[in-house]
Structures are given as structure tokens and as C-alpha cells.
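In: No sequence on hand, only this structure:
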């Protein structure tokens, strides 16, 4: 049973929010044309605590990570990473900093070190007692990853 379903011309409608009907898709869902979202998009995020050394970020569980109480600068290892050639993705790491700020200073993809090309050609520093958002745009260029990094600071002392 798929709830309310109807067709009109070339449009297929499934479910209705007004009737509290949800449509869940598991596995890969591929759109070969535009995807239009009329109500916004919500994405789950994962919380990681006490980062130090190499920290696994399982991208099959999401592409947004909240770090609390990092203990040192760390390497972000993006695990379960699957990106076809000529595809790109974005990953965001939000850091709730303490008295001393720490940052992801290196990136691995499934354990393989990558070169980060930082915005402005400068490795960013964190904001003590503030929040930092570090984002990575990753492209698979013919089998070679291009990792672009940037950071924004919020609050702090």
C-alpha cells in the first residue's frame, strides 16, 4: 500500500502530507532530471565528541557532523565514501569549540590521505569559545579526488 496515489498526464503523485502519508525510499534513489523540493530539505547530522588523531566520519550516515569538545587538531577520515567519477559532494563539520580551538587539519577518504586546497590558500584556525563551520567540496575528477576546504567562524572571544 502506498497511500494516496494518482496520475494526471505525465505526473505521478504519491502520498499527501495533509493525510500524514509518508513515502520512504531506502537504498539509492536516482533522479535523471531535475529534483524540485517545494518544502525544503532536512538532513540528519551526527555528533562526535572528543576528536583527536584520526576520526571516522561515516558519510553513509550523513554529510553533516557536529563536533563537541575536540581535544586536539584531528584528521577527518571520510569512511564508506562512494563518489563516481565526475560527481561531487559537500561535507560540513560544525565544531563547538572550548577554551582552546581545534580544527580538522587533514582529510582522508577511506584511510587514504588527500590534499586540501584551502580557500585563500591559508589553513584556517579555530575560534576559541566559538563555533567553526568547516566545509569540504569534494570532486572525483577522473578517479582523482579534489578536496576544497573553507572555514567560517561564529561567536567566540
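Out: Nice, thanks for sending it over. Remember, it's a predicted structure, so these values are computed and weren't measured experimentally.
In: measure stretch 79-86 end to end?
Out: 19 Å (CA to CA, to the nearest Å).
In: For this protein, give me the ranges with low pLDDT.
Out: The chain contains residues with pLDDT under 70 at 1-8, 10-23.
In: 50 - rerun?
Out: Residue ranges of the chain with pLDDT under 50: 1.
In: show me where it has strands.
Out: Remark: strands assigned in the chain by DSSP state E are 5-8, 11-14, 46-49, 53-58, 64-68, 74-79, 88-96, 104-109, 112-114, 116-118, 130-141, 144-155.
In: Return the most buried member of the ones you listed.
Out: strand 74-79 (a mean of 21; mean count of other CB atoms under 10 Å). Using the backbone N, CA and C atoms, a C-beta is placed for each residue, glycine as well.
In: Show me what it is packed up against.
Out: In terms of contacts (3 or more CB pairs under 8 Å, 6 or more residues apart in numbering; DSSP states H and E), strand 74-79 is packed against strand 53-58, strand 104-109.
In: which residues sit against the first one?
Out: Translated: strand 53-58. For strand 53-58, contacts defined as CB atoms under 8 Å, 6 or more residues apart in numbering pick out 46, 48, 65, 72, 74-80, 91, 93, 104, 108.
In: Name the residue closest to the centre of this structure, please.
Out: The residue lying closest to the centre of the chain (CA atoms, centre = their mean) is residue 63, at 2.2 Å.
In: where's the residue nearest to that residue when sequence neighbours are not counted relative to residue 24, distance?
Out: Nearest non-adjacent residue to residue 63, counting by CB to CB, 6 or more residues apart in numbering: residue 91, 4.8 Å away. Per CB to CB, to the nearest Å, residue 91 is found 24 Å from residue 24.
In: now swap in residue 45 and tell me
Out: 19 Å.
In: Was I right to think residue 133 contacts residue 96?
Out: No: Residue 133 lies out of contact with residue 96 (CB atoms under 8 Å); the separation is 10.8 Å.
In: circling back to that earlier point, name whatever forms a beta bridge with the residue nearest to residue 63.
Out: Here residue 91 shows beta-bridge partners residue 136, assigned using DSSP bridges.
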